[in-house]
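# pasting a predicted model and its sequence here:
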Amino acid sequence: MGQRTRPEDNAVTLTLRNIAKTYPGGNRALFPIDLDVAEGEIVSLLGPSGCGKTTLLRIIAGLETADSGAEIRFKGENMAALPVERRQVGMVFQSYALFPNMSVRGNIGYGLKMQGLPRAQIDARVDEVISLCRLEPCAGRAISALSGGQRQRVALARAFAPRPRLLLLDEPLSALDAVLRGALSDELAALLRAFGITAIFVTHDQDEAMALADRLAVMSQGRVAQIGTPEALYRSPETSLVARFFGNALPLGGRIEGAMLHLPGGSLPLAAPAMGKLAFVRAEDVKLAPDGPVTARVKAVTFLGTHYRIAFTGAAADELFCLHQGTSAPRPGETARLTISPQSILTLNPEKSVA
Amino acid sequence: MRIGKVLQLSVTLLAAAFLLVPTIMSVLAGLTVNYFQGVRSGLTLQWVVKVWELYAGSIFLSLGLALACLAVTLVIGVPAAYALAHNPGRASRAVEEFISLPLAIPGLALALALLQLYGSYRGFRLSWTFILVGHVLYTLPFMVRSVQSVLAAIDLKTLEEGAASLGAGPARRFVDIVVPNALPGILAGALTVVMLSIGEFNLTWMLHTPYLKTLPVGLADSYASMRLEIASAYTLIFFVMIVPLLLAMQWASARAQRITQ
Amino acid sequence: MAFLPLAIARLILASGEGEAGWAIYQQILQTPRYLISLIQTVLVSLAVTIAALAVSTTAGLFLTRNRFRGRSVLLSILTLPLAFPGVVVGFMIILLGGRQGLFNTVFPGQVVFAYSIFGLFLGYLYFSIPRVLLTVMAAAEKIDPAREEAARTLGAPPHLVARDLLFPALAPALIAAGEIAFATAMGVFGTAFTLATNIDVLPMVIYTEFTSSANIAMAAALSVMLGMVTRAILFVARSFTGATVVAGG
C-alpha cells in the first residue's frame, strides 16, 4: 500500500502502481509504490543512498524489472512488459555513458538512427538539439576532448533528441565539481522547461532537488516518505525523517506538556498542543534574543561570510545550532539567551521503529 | 650507487648481446656464400632461393593456418570475451579458467591428448584441420584475455544501457558499441594469435604428418639435415615474417594497455 | 571446448591401459632412466628459473628506471625471442656453441658446449629471459617511487630501501614470473629436440616412447607424471614463498 498523489493541474501522463522490488535472497529494495506524474512536470526522487530511488528510476526506464503486479502506464499504455529498447524513455546516466567511438554528433544522433530516420532528418534534428543546448562550439569534437559540463549537455542532448516520452536523469549534477554544479543547475532547469518534457530525476542533494523540481518525493528505505512541492515539504514535513533530511531540522528533545515545550535551557510556547510528539527546529529559526526564555552556553562560532553558525550547549538535549546574521556574534564560553517562534517549532510524530 | 648502476648496465648489455649475437650470425650465415669463409666469400641470395624451392609449401601452410586460426579465434573469442565481461561472476571465472587450461599444459601433453581422443578418425587426423584445432586451443586464451581486459576497463554495462535506452537491441549494441570499443584489444589479440600460430612447434610437431609440415617443423628439419647456410636462410625468412609481427603486436598491446589504465 | 577435460581424462586413462595397468607409475619410479631424466629436467628448470629471475630483474629494473637513448632498441632486442619457437632457440645456441659456433672459432679448441647440459641450460635461458623481463617490468612500472623517496628522507640507505621496499613490492610479480618460467622449462620440447642429442629431459623421453616405441601408455603416464611433479614443486614453492612474504610483512 503506497501513498497516492494527485497533481493539481495538467493531465496525468505517467502512472506508477504497485512498484516493488525484491532481490533474490529476500532483500526488499522497494515496497509497493504508487506515483502519478503530470505532463511536463519535473519530479525529483530525493533521499540518502540505499533508499531505493535509483532502483525506482531504473525500473521506470526498463533497466530493471519490478516484482510482478507492477504497472507502468504512459498515457494509459502499460509499458511494464516492454524491454528498455522499446519504451522510448530518454535516460541521462550519472557517468553520462557517452560512446567513445562516436563523435558528439554521432552520439546525439544515435537514438534517431535507431528509429531508422533518413539521414537528412537526423542531421536537421541533431542541429536543432545542438543549438538548443548551446553545444555549437563542441559539435565537431571527440568525446574525450569535452569538459565535464559539456559532456553533461551532450548526454542530455542525446537523450532528448529522439523525442522520448519521458526523460529520466540519474544524479545529473553529481559528477561535476561544486562550482560548476551551481551554474549548471540553473541551466539544466531552464533547458528542461524549454524542452517542455515530463522528467524524473534522482538526487541525494537537496539544493539540486529544490532548484529543478516542481515536486519532490523524499524516499527512505524503499518507501516514499512524503511527496509535495519544495515549500510544502520544507514548511510542513510530515515525519521527522523528512524534516531532518530535507532542510536539516534539529531535534530539540525535552518534554512537551500541553502547548509548552520544556527544554533544559528554558521553556517555549508551541503553536498548538502536541502531546506525545517530538519537537524539531531549523537552525535559521533559532534567534539570539537578550530576553529570550532559553539560556545556553556558546560552544563554538564559525564565520561563514553571509552568517555566523553558532553551536550552543545546554539549551536542548544535544547541541543546538543557530544561523545568526549580523555583524558580530557572542564568543565561545559566553552565555546567551535564545528564542524560537512557536510557528517555527515543528512537532512531528515519532518515527515508527523499522521491524 | 655508481657501481650498482654500472653493474646493472653490464648485465643488461650482456643479456642483450647473448640474445642478439646469434640472430645476427644466423642472418649473415643465410646470406653468405660460404659460412666457413665468412662474409669475405661474398653475399648471395642463393640459399634463400634454395630454401624457397624446398620449403615453400610449409611457409604457405603456416600462413594459411595462422589466418584460419585468427578467423576461428575471432569468431569464438570475441563473443566469448563479451559474454564473460557481461556476466562477472563465479560461473564466468570458471569458464575463463577452463579456456586458459591449454596454457597450463605443455604442448606435448596437449598433443598427446588430442591424438588419443581423435587420432582414430583417419580423415580428420590427416587433414590440416587437426593441426588447426591444436592451434586454436593454444591461442584462444590470448584472444579472449586481450579483448576481455579492454572491455572490463570501459564500463561496458553503462554504455550498453545507454544504447538500449536509445532503442538499440542486443545485436545492434554488439556492432555499434561493443566491437568498436573493444577494437584495441581485438587488434592486440589478433596479432598475438597470428604470431603464436606461425611460431608454434611443440604441439604441431606431434600432430604433423609428412604432407603437412609447417614452417617451424621445416626449420627443425633443416637444422637436422641441411647445411648451415640453408638452415640460416630459412631462419632468416622466419625472422622476416615474425619480427614485424612482433613489433606490431607490442605496439598494439601498449595501446590497449593505455586504455586499461 | 569440450576437447580439453575429455582429452586430459583420456590421457590419464591411457596411462593405465598398458600391460602393467596402473602399476605403470611404480614402474616409472623404479626405472633409472626415467627417474634420472625427471630429476635432470627438474634441476635444469630450477637453475634456469633462478638465473632468469636474477638477470631479468636486474635488467628490468635498470630499464624501467633509466631513460636513455637506445633504451627502446635494447628493450626490443631483449623481448625479441618471445616469438621464436624452441627449435630456433636451439639453433641460436648451436650458432654460439656448436662445432662451427662462435666460441669455437674465437677460441679454437674444445669450446663446444651446445650439446651439453650447459647448452641446454643456455637454450632455456634464452627464451626465459624475455618472458620474465616483461612481467618484472610491468610490475616495476607500477611501483610508486614516492614510497622509496619517503624512505630515503627517513634516512634509509639505497640498499636497505631495495631490501625493505623494492623487493617486497616486486615479490608477487617475481613469484608469478618464476612459476611460469619453471613450468615452461619443464615442458619445453623444441629446444631440447634440437640440442639434446645426449641428454634426456623428460619431454624428450616422452617423445621417444611415443614415436619410437609406440608405447602410448608409457608416454601418457610420463606426461601425467611431468604435469604432477611440476604442479607439486610449484605448490611447495608457493607455500614457502607465501610464508616469507607474509612474515616479511
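Ah, there it is.

# hang on, A:Leu216 in a helix?
No: looking at A:Leu216 with DSSP: H, G, I helix; E, B strand; the rest coil, it is strand, so not inside a helix.

# surely it touches A:Val43?
Yes: contact criterion CB atoms under 8 Å: A:Leu216 and A:Val43 qualify, at 7.4 Å. (C-beta placed from N, C-alpha, C; glycine too.)

# neighbour count: the two, which is higher?
Neighbours per residue, other CB atoms under 10 Å in any protein chain shown: of A:Leu216 and A:Val43, the larger number sits with A:Leu216, 27 against 24.

# which strand residues bridge the more buried one?
A:Ser44, A:Gly228 (DSSP bridges).

# dump the residue contacts of it.
By CB atoms under 8 Å, 6 or more residues apart in numbering or on different chains, the contact set of A:Leu216 is A:43-44, A:46, A:209-210, A:227-230, A:233, A:246.

# what does C:Pro203 give?
B:106, B:108, C:41, C:187-189, C:192, C:226.

# which of the residues you listed count as buried?
Buried residues within those, defined by neighbour count using 16 or more other CB atoms under 10 Å in any protein chain shown: B:106, B:108, C:41, C:187-189, C:192, C:226.

# any stretches of the stretch 1-150 of chain A with poor pLDDT?
Scanning the stretch 1-150 of chain A for pLDDT under 70 picks out A:1-10.

# what count of nearby residues applies to B:Ile230?
Neighbours of B:Ile230 using other CB under 10 Å come to 21.

# got a list of what it touches?
With CB under 8 Å, 6+ apart, B:Ile230 has these contacts: B:47, B:50-51, B:54, B:222.

# filter those residues to the buried ones?
B:47, B:50-51, B:222.

# care to break chain A down by domain?
A:12-245, A:255-348 (automatic domain parsing).

# tell me the residues of the stretch 101-250 of chain B that contact chain A?
Counting by CB under 8 Å from any CB of the partner chain, the stretch 101-250 of chain B comes close to chain A at B:154-155, B:158-159, B:161-169, B:172, B:176-177, B:180-181, B:183.

# that older thread, filter the buried ones among the contacts of B:Ile230 down to the ones in helices?
The members of the buried ones among the contacts of B:Ile230 that map onto helices under DSSP state H are B:47, B:50-51, B:222.

# how about C:Ala237, phi and psi?
phi -60, psi -40 (degrees, to the nearest 10).

# can you name the residues that contact it?
Contacts of C:Ala237 by CB under 8 Å, 6+ apart are C:175, C:178-179, C:182.

# list the contacts of residue 219.
Using chain A. A:Met219 is in contact with A:45-47, A:51-53, A:56, A:225, counting by CB under 8 Å, 6+ apart.

# that was the other one, I meant chain C.
B:112, C:206-207, C:209-210.

# among the residues you listed, which are in helices?
Those of the contacts of C:Ala219 mapping onto helices are B:112, C:206-207, C:209-210, per DSSP H.

# filter these down to the buried ones, PyMOL style.
Of those, the buried ones go into a single PyMOL selection, burial set by 16+ other CB under 10 Å:
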select buried, (chain B and resi 112) or (chain C and resi 206+207+209+210)
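
# quickly name whichever of the ones in helices among the contacts of C:Ala219 is closest to chain A.
B:Leu112 (44.4 Å; CB to the nearest CB).

# pLDDT score for the closest one?
B:Leu112 carries a pLDDT value of 75.

# low-confidence ranges, chain C, go.
C:1-11, C:14-24, C:104-105, C:107-111, C:114, C:196-199, C:213-214, C:240-249.

# which one of the residues in it is closest to chain B?
Counting by CB to the nearest CB, chain C gets nearest to chain B through C:Gly187 (2.5 Å).

# quick one: that residue and B:Ala111 touch, right?
No: at 11.3 Å, C:Gly187 does not count as touching B:Ala111 under the criterion of CB under 8 Å.

# can you pull the residues that touch both of those two?
B:Asn202.

# picking that back up, which one of the ones in helices among the contacts of C:Ala219 is nearest B:Pro216?
Within these, proximity to B:Pro216 (CB to CB) peaks at C:Tyr207, which comes in at 15.4 Å.

# for the closest one, list the residues it contacts.
Neighbours of C:Tyr207 in contact, by CB under 8 Å, 6+ apart: B:108, B:206, C:189, C:193, C:219.

# wait, the first one sits on B:Leu207?
No: B:Leu108 is not in contact with B:Leu207 according to CB under 8 Å; the separation is 10.8 Å.

# restricted to helices, list the residues of the stretch 101-250 of chain B next to chain A.
Per DSSP H, those map to helices at B:158-159, B:161-165, B:172, B:180-181, B:183.
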